[in-house]
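Chemist: Generate coordinates for the sequence data below:
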Amino acid sequence: MYLHIGSGIIINSKNIIAIFNIEYVKNTKEYKNIYKELEEKNMIESVDKNKEISFILTENNKEVKAYITNIRCKCDCKKISLSQVGGKKWKSLSMSIMQNKYKF
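Modeler: Residues are numbered from 1 along each chain as shown. Sure, this is the predicted structure:
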């Protein structure tokens, strides 16, 4: 299954690690660390800079990339079942990053 996130960008749901509501995670240490590392490597693509609502973290061919989109996380999650995304929760994602499972 594929997810259209706006501006003609389509993501394969199998590549999605997690979808976060920016409002809820923007002040967390984990989000700030992920954002900083991906930004330094120019691996963040913003779909609509005026309205940043969701942060979509993906991995394709062992390359991690993030998309910032104006589509609500609730809508995104309804389109994709947890089994298609891998069912990762914020805590397990944070642990995976701390254990260097995902290389930035």
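
Chemist: shaky segments in the protein?
Modeler: Counting by pLDDT under 70, the ranges of the chain that qualify are 73-104.

Chemist: can you pull the contacts of Glu63?
Modeler: Taking CB atoms under 8 Å, 6 or more residues apart in numbering, we find Glu63 in contact with Met43. In this view, the C-beta of every residue, glycine as well, is placed from N, C-alpha and C.

Chemist: For it, give the beta-bridge partners.
Modeler: Asn60 (DSSP bridges).

Chemist: Against Asn70, how distant is it?
Modeler: Counting by CB to CB, to the nearest Å, the gap from Glu63 to Asn70 is 24 Å.

Chemist: ranges for the strands of this structure?
Modeler: 2-6, 9-12, 16-21, 44-46, 54-60, 63-69 (DSSP state E).

Chemist: contact partners of the shortest one?
Modeler: The contact list for strand 44-46, computed with CB under 8 Å, 6+ apart, reads Ile9, Tyr35, Leu38, Glu52, Lys65, Ala66, Tyr67, Ile68.

Chemist: ok, and for that strand, which residues are buried?
Modeler: For strand 44-46, the neighbour count (16 or more other CB atoms under 10 Å) marks Ile44, Glu45 as buried.

Chemist: go on, the last one?
Modeler: By neighbour count with 16+ other CB under 10 Å, strand 63-69 contains the buried residues Val64, Lys65, Ala66, Tyr67, Ile68, Thr69.

Chemist: got it, and the second one?
Modeler: Residues of strand 9-12 classed as buried: Ile11 (neighbour count, 16+ other CB under 10 Å).

Chemist: Tell me the helices and strands packed up against it.
Modeler: Secondary-structure packing of strand 9-12 (3 or more CB pairs under 8 Å, 6 or more residues apart in numbering; DSSP states H and E): strand 2-6, strand 54-60, strand 63-69.

Chemist: Just want the angle from the last one to strand 54-60.
Modeler: Between the axes of strand 63-69 and strand 54-60, defined by axes from the mean of the first three to the mean of the last three CA atoms, to 10 degrees, the angle is 160 degrees.
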